[in-house]
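[1] What follows is a predicted protein model with its sequence.
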Amino acid sequence: MAELFSLEWMQAFGTQWNAEPELADALAKIHFNSVIGYGFADRNNPTGVLTVEEGWVVAAEPYTGQKLNWDLRADREHWQQWQTKGLNMMGLSMAYMSRKLQFRVGDYTAMIKDPRMAGPFIKSFAVMSRV
C-alpha cells in the first residue's frame with residue numbers, strides 16, 4: 001500500500017477519481033476546474049496535489065508550490081479513518097466544525113451549499129477507499 005498522499009498514492013487516487021462517474025462526470029457537468037492540495041494538519045504545506053480540469057484529474061503530483069484553489073488538511077489518523085470508512089454529509093459537517101478537517105484554502109460554506117459540488121466532494125472520500 002502506497003504512503004498516503006505520496007506520488008504513487010495521488011496517481012492511484014486520480015485514476016480512481018476519473019473512473020467514478022458520480023465524481024468526474026458530475027463535476028464535468030458544472031465545468032469544475034481546480035487545483036486541490038491534500039496534506040497533514042501539522043505541516044506547512046500539503047503533500048499531494050490533484051489538478052482537475054472539467055471534472056477530470058489531469059495531473060496527480062507532489063506539492064511543489066502550485067497555486068491551490070483548495071487545501072484540505074487533517075491528521076493522519078483522521079485521513080486513514082475517512083479512507084477506510086468514507087465520510088457522509090453529517091460526518092463532514094462534524095469534521096469541519098471540530099477542525100478535524102481543515103480547509104486552509106477554499107470556501108467550505110459555498111461548496112457545501114451547492115449540491116452539485118457537495119455530492120462529488122463527499123464521493124471523493126469514498127473514492128479514497130479504493131486506493
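    Sure, I can see it.
[2] Tell me if residue 126 really is in a helix.
    Yes: Residue 126: assigned to a helix according to DSSP: H, G, I helix; E, B strand; the rest coil.
[3] Please report how far residue 86 lies from residue 62.
    Between residue 86 and residue 62 the computed distance is 25 Å (CB to CB, to the nearest Å). For every residue, glycine as well, the C-beta is placed using N, CA and C.
[4] hang on, I meant residue 96
    Counting by CB to CB, the gap from residue 96 to residue 62 is 26 Å.
[5] again, but for residue 109
    In this view, residue 109 and residue 62 are 29 Å apart by CB to CB.
[6] and whichever strand or helix holds residue 110, which residues are buried?
    Assigning secondary structure by DSSP states H and E places residue 110 in helix 108-113. Along helix 108-113, the positions that meet the burial threshold by neighbour count (16 or more other CB atoms under 10 Å) are 108, 111-112.
[7] Report how many residues lie close to the spatially closest residue to residue 108 that is not a sequence neighbour.
    Here the nearest residue to residue 108 in space, its sequence neighbours aside, is residue 96; by CB to CB, 6 or more residues apart in numbering that works out to 5.8 Å. For residue 96, the tally of surrounding residues (other CB atoms under 10 Å) stands at 15.
[8] Residue 96: which element?
    Assigned by DSSP H and E, residue 96 falls within helix 89-97.
[9] next structured bit after that helix?
    Scanning the chain past helix 89-97 towards its C-terminal end, the next helix or strand to appear is strand 102-105 (assignment: DSSP H and E).
[10] As PDB, could you dump the C-alpha coordinates of that next one?
    Output for strand 102-105, consisting of C-alpha atoms alone and laid out as PDB, is shown next (Å, rounded to 0.1, in the frame of the first residue of the first chain):
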ATOM      1  CA  GLN A 102      -9.400  22.000   7.800                       C
ATOM      2  CA  PHE A 103      -9.900  24.000   4.600                       C
ATOM      3  CA  ARG A 104      -6.700  26.100   4.600                       C
ATOM      4  CA  VAL A 105      -7.700  27.300   1.100                       C
END
